[in-house]
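**Q** Model the following, please.
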Amino acid sequence: KLKHIVSKDAFDIEGLGKKVVDNFWELRFIRTPADIFSLDYVKIEKLEGWGKLSIKNLQNAINKSKSISLDRFIYSIGIRHIGQENAKTLANFFKNSEKFSELFSVEKRKDILSNLDDLDGIGDTQIKSIEDFFDNKKNSKIIQSLMIALNVKDFQKVNKTGKLSNKSIMFTGGFEKMSRSEAKALAEENGAKILGSV
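**A** Numbers count the residues shown, from 1 in each chain. The predicted model follows:
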């Protein structure tokens, strides 16, 4: 889960790759996602292969990722069956982190889940996944502590007019000059609807 959170399509923390996450996990520097944002850089400096510059770069990357859009945040926390497009749909429904936080409340969660059925691309499988995720007290506690460390920005609906308006696009493979997530973002900025599969 930690590796998913730091990945390119999620928090995109450069310098915190899979090997580093493994290393920090074994050293007990990181146990929950919130720990990423309160790392002890003095301890890291004592490790082999970490100099002042690499630590400064890591610190900058972590600080930059503290500000995250609601849709990316929803995707990042790793709810089963919730991909990037589902996360955008949910972010458009919740609009802000305060409304999203209502999922932590058992009473409010029931109401919210009953309304999700109307959303395009959100079916019984996704709703059950969201329910199971937030029913787990450990998950709720981890996500709440993570939210305290972050600035989760309100969801901004992408401009639907542009060169690619009314076009559905699916990306596959790699690109020479940009990552797939950058290509998706660029296409969306120009009005395209991004599909996960044909």
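
**Q** What are the phi and psi values at residue 169?
**A** With angles defined as degrees, to the nearest 10, residue 169 sits at phi -130, psi 140.

**Q** Burial check on it, number of neighbours?
**A** 14 (other CB atoms under 10 Å). For glycine as for every other residue, the C-beta is placed from the backbone atoms N, C-alpha and C.

**Q** May I have the beta-bridge partners of it?
**A** residue 194 (DSSP bridges).

**Q** Am I right that it is in contact with residue 198?
**A** No. Between residue 169 and residue 198 there is no contact under CB atoms under 8 Å: 10.9 Å.

**Q** residue boundaries of the strands in the chain?
**A** 67-69, 151-153, 168-169, 193-194 (DSSP state E).

**Q** what separates the most centrally placed residue in the chain from residue 157, distance-wise?
**A** Nearest residue to the geometric centre of the chain (CA atoms, centre = their mean): residue 76, 2.4 Å. Distance, residue 76 to residue 157, by CB to CB, to the nearest Å: 20 Å.

**Q** for residue 165, same thing?
**A** Distance of residue 165 to residue 157, computed by CB to CB: 14 Å.

**Q** and the gap between residue 144 and residue 150?
**A** 11 Å.

**Q** Compare the two (neighbour count), which wins?
**A** More neighbours surround residue 150 than the other of residue 144 and residue 150, with 18 against 12 (other CB under 10 Å).

**Q** any low-confidence regions in the protein?
**A** Counting by pLDDT under 70, the chain has low-confidence residues at 158-160, 197.

**Q** which residues in it form helices?
**A** 2-6, 18-26, 41-45, 52-65, 70-76, 84-94, 97-100, 106-116, 124-135, 137-149, 180-189 (DSSP state H).

**Q** how about the fifth one: buried residues?
**A** Residues of helix 70-76 classed as buried: 70, 71, 72, 73, 74, 75, 76 (neighbour count, 16 or more other CB atoms under 10 Å).

**Q** picking that back up, please identify the most buried of the helices of the chain.
**A** Highest mean neighbour count among the helices of the chain (mean count of other CB atoms under 10 Å): helix 70-76, with a mean of 23.

**Q** What lies in contact with it?
**A** Here helix 70-76 makes contact (CB atoms under 8 Å, 6 or more residues apart in numbering) with 4-5, 9-11, 68, 82-84, 86-88, 90-92, 94-97, 100, 150, 152-155.
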